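Student: Pasting a predicted model and its sequence here:
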Amino acid sequence: ITSTIRQLDETTRDRFHKSATTGGLDFTQYFGKMNYIFQLRTVFSNVTGTQEMIARTQRSVIHNFRRPDSDYTEYDPTRTSLTGTGGNLMAGKIGGNWQFLYLSAWKSPGLELNDAGYMQVADQYLGATVVNYNIYKPFSIFNSMNFGTNFIHLIDFGGNINVMGLSGSWQAQYKNLWRTFISGQVNSPEKDNLMLRGGPTMKMTGNMYIGGGINSNSRKKLSGELDFRYFRTFQDVREAYELGVEIEYRPVITLTISIEPEWSRTRNSLQYVTTHSATSGVYTPRYIFGSIDQKILSMSLRVDYNITPDLTIQYWGQPFFGSGKYSEFKRGTDPVADQFTDRTESFSPSQIEYIGGDNLFEVDENMDSWVDYSFENPDFTVSEFLHNLVVRWEFLPGSTAYLVWSQTREYNADDGIFDFGSQAGSLFGKTVPHNVFLVKFSYRFGL
């Protein structure tokens, strides 16, 4: 059980929970000489606060209590507490060549863990039926091999099936200790409860995913990994791919240097932008979308140096460059229409105008020469450099001292242009780094 209790004032009482308590129970039982397992992990949460704070929690995109098409959640602005439950289950056969398992994880609409942890979504039940076949005995050029398939279903607490999927995977380790793997998944059309950020459920098209890679022998001084991932919807709504490389070098047994560059690109013609009211009186929501071309380049560098068993130095750094360029703005019309093309309507050039001085778009939906609503230009360019250095010294058995240096640089623009040279120049030439130095001691008392 973990509890957070805050002393709040008039400024903070509507922005934070007064108290947040979470607790859980873990149970694991093996059967049949460890070949079978039943594992249950449960969690509950309770948060308290002012009516305004608990109402904000209910309205948040995590919980969506005020979703207009939900008949199983009740938004109550007078509440001063909110309670929820969750957990996960694993049951089945884990030993031998064949494995048969059922896995599930659930979070009720009222589960709230963000005061003591991190949770992105509630109101979800995820289940998966897993069948694996393992070959442990070496044969031909292989040391081992694995085949796997999963049937996945995602359901909300109203009993609505949001998506179903079927996946398969294959991986093998060779006698030279190299390894290859590949996986793929096909998903049915989806009902997305979160896409409209508190609005109604939106139907999305089915999609497919494929990924794979190859690893060399990690026992060598020089080793590496190459992997890829590709995602695509069936009606060309979204397409994304990612390429990654990792190279690790150990010149001596006490020193390891690794570098990991990654490149990804996503094109999405239905990227949520914002929600606005079409009138100044009665709230008439307009869900705005755009087509986005997003590019991300990052590179992680890690150095581990064990000077002695008691004295180590670790360094990690990552430059990150990303951009997103929007175009072809549109508004939602019927989010659950049978035909995908009927769910949105693109703005014509006479309906939308970009005001460069204010960096916003003005929309005249009915073309009566009056602006119905406006929204900021969502284009973005992000450049960051994060790195830290940790020196660890175990001066006595069980007693350790740490010296940590952490530095952050960040530069943002709103042009949506990806230009590595220009972004790197701005990041290191136009920003002032933020440095943090930490010293930590831990001493072990023997009784």
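Tutor: In hand now; what should we look at? Numbering: from 1, shown residues only.
Student: how about the strands in the stretch 51-200 of the chain?
Tutor: Remark: strands assigned in the stretch 51-200 of the chain by DSSP state E, counting those that start in this stretch are 81-93, 98-107, 124-135, 142-155, 161-174, 179-187, 190-192.
Student: Provide the strand pairings for whichever helix or strand comes after the shortest one, with the direction of each partner.
Tutor: Read it as strand 190-192. Downstream of strand 190-192, the next assigned helix or strand under DSSP states H and E is strand 202-204. Partners of strand 202-204 in the sheet, by DSSP bridges, are strand 190-192 (antiparallel).
Student: which parts of the partner strand are buried?
Tutor: Neighbour counts over strand 190-192 (16 or more other C-beta atoms under 10 Å) mark 190-191 as buried. In this view, the C-beta of every residue, glycine as well, is placed from N, C-alpha and C.
Student: hmm, back to that, in CSV, list the strands of the stretch 51-200 of the chain along with mean pLDDT and distance to residue 288.
Tutor: Formatted as CSV, the strands of the stretch 51-200 of the chain follow (pLDDT from 0 to 100; distance: least, C-beta to C-beta, whole Å):
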stretch, mean pLDDT, distance to residue 288
strand 81-93, 97, 30
strand 98-107, 97, 29
strand 124-135, 97, 26
strand 142-155, 97, 26
strand 161-174, 97, 23
strand 179-187, 97, 26
strand 190-192, 94, 16
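Student: Mind checking those for the one nearest to residue 209?
Tutor: strand 179-187 (4.7 Å; C-beta to C-beta).
Student: Run the chain-centre distance for the closest one.
Tutor: Counting by C-alpha atoms, centre = their mean, to the nearest Å, strand 179-187 is centred 20 Å from the centre of its parent chain.
Student: go on, stretch 316-335?
Tutor: 15 Å.
Student: for the record, mean pLDDT for it?
Tutor: Per-region confidence: stretch 316-335 scores 96 on mean pLDDT.
Student: Repeat that for stretch 296-303.
Tutor: For stretch 296-303, mean pLDDT rounds to 97.
Student: Over to stretch 8-22?
Tutor: So the average pLDDT for stretch 8-22 ends up being 95.
Student: That one: which residues count as buried?
Tutor: Quick answer for stretch 8-22 (16+ other C-beta under 10 Å): 13, 16-18, 20-22.
Student: now the helices for the chain?
Tutor: 51-59, 420-429 (DSSP state H).
Student: Where does pLDDT dip in this protein?
Tutor: 280-281 (pLDDT under 70).
Student: Contact partners for residue 440?
Tutor: Residues near residue 440 by C-beta atoms under 8 Å, 6 or more residues apart in numbering: 401-402, 404.
Student: Out of these, flag the one nearest to residue 341.
Tutor: Nearest member of those to residue 341, counting by C-beta to C-beta, is residue 404, at 54.1 Å.
Student: thought the closest one was touching residue 389?
Tutor: Yes - the pair residue 404 and residue 389 passes the contact test of C-beta atoms under 8 Å, sitting 7.1 Å apart.
Student: Return the most buried member of the helices of the chain.
Tutor: helix 51-59 (a mean of 18; mean count of other C-beta atoms under 10 Å).
Student: In strands only, show me the contacts of residue 440.
Tutor: When DSSP state E defines the strands, the subset of these inside them is 401-402, 404.
Student: about what we covered before: same list (the contacts of residue 440) but as JSON lines, adding distance to residue 228 and neighbour count.
Tutor: Output for these, formatted as JSON lines (distance: C-beta to C-beta, whole Å; neighbours: other C-beta atoms under 10 Å):
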{"residue": "401", "distance to residue 228": "43", "neighbour count": "15"}
{"residue": "402", "distance to residue 228": "38", "neighbour count": "13"}
{"residue": "404", "distance to residue 228": "35", "neighbour count": "15"}
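Student: residue closest to the middle of this protein?
Tutor: Centroid-nearest residue in the chain: residue 120, 7.8 Å away (criterion: C-alpha atoms, centre = their mean).
Student: Nearest residue to it in space, please, no chain neighbours.
Tutor: Spatially, and ignoring its direct neighbours in sequence, residue 120 is nearest to residue 62 (6.9 Å; C-beta to C-beta, 6 or more residues apart in numbering).
Student: Tell me who's in contact with that neighbour.
Tutor: Taking C-beta under 8 Å, 6+ apart, we find residue 62 in contact with 112, 114, 119-122.
Student: phi, psi of it?
Tutor: phi -70, psi -40 (degrees, to the nearest 10).
Student: That one and residue 109, how far apart?
Tutor: 9 Å (C-beta to C-beta, to the nearest Å).
Student: related to what we said a few turns ago, among the buried residues of stretch 8-22, which one lies nearest to residue 161?
Tutor: Nearest to residue 161 among these, counting by C-beta to C-beta, is residue 22 at 28.9 Å.
Student: Pretty sure that closest one sits against residue 2.
Tutor: Yes - using C-beta under 8 Å, residue 22 makes contact with residue 2 at a distance of 5.3 Å.
Student: looking at the sheet around residue 101, what are its partners?
Tutor: Applying DSSP bridges, one finds that residue 101 bridges with residue 92, residue 130.
Student: typo on my end, it should be residue 408
Tutor: Bridge pairing for residue 408 (DSSP bridges) gives the partners residue 386, residue 434.
Student: ok, it - contacts?
Tutor: 384-386, 433-434.
Student: Include distance to residue 192 when you put those residues into TSV, please.
Tutor: Formatted as TSV, the contacts of residue 408 follow (distance: C-beta to C-beta, whole Å):
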residue	distance to residue 192
384	29
385	34
386	31
433	40
434	37
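Student: List buried residues within those.
Tutor: Using 16+ other C-beta under 10 Å, the buried members of the contacts of residue 408 are 384-385.
Student: ok, so of the contacts of residue 408, who is nearest residue 298?
Tutor: residue 384 (8.9 Å).
Student: That closest one and residue 157: what is the separation?
Tutor: Separation of residue 384 from residue 157 (C-beta to C-beta) stands at 37 Å.
Student: related to what we said a few turns ago, okay, the strands of the stretch 51-200 of the chain in TSV with distance to residue 228 next?
Tutor: Listed next are the strands of the stretch 51-200 of the chain as TSV, based on distance: least, C-beta to C-beta, whole Å:
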stretch	distance to residue 228
strand 81-93	30
strand 98-107	26
strand 124-135	23
strand 142-155	19
strand 161-174	15
strand 179-187	10
strand 190-192	24
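Student: can you tell which of those strands is closest to residue 7?
Tutor: So among the strands of the stretch 51-200 of the chain, strand 81-93 is nearest, using C-beta to C-beta, at 18.1 Å.
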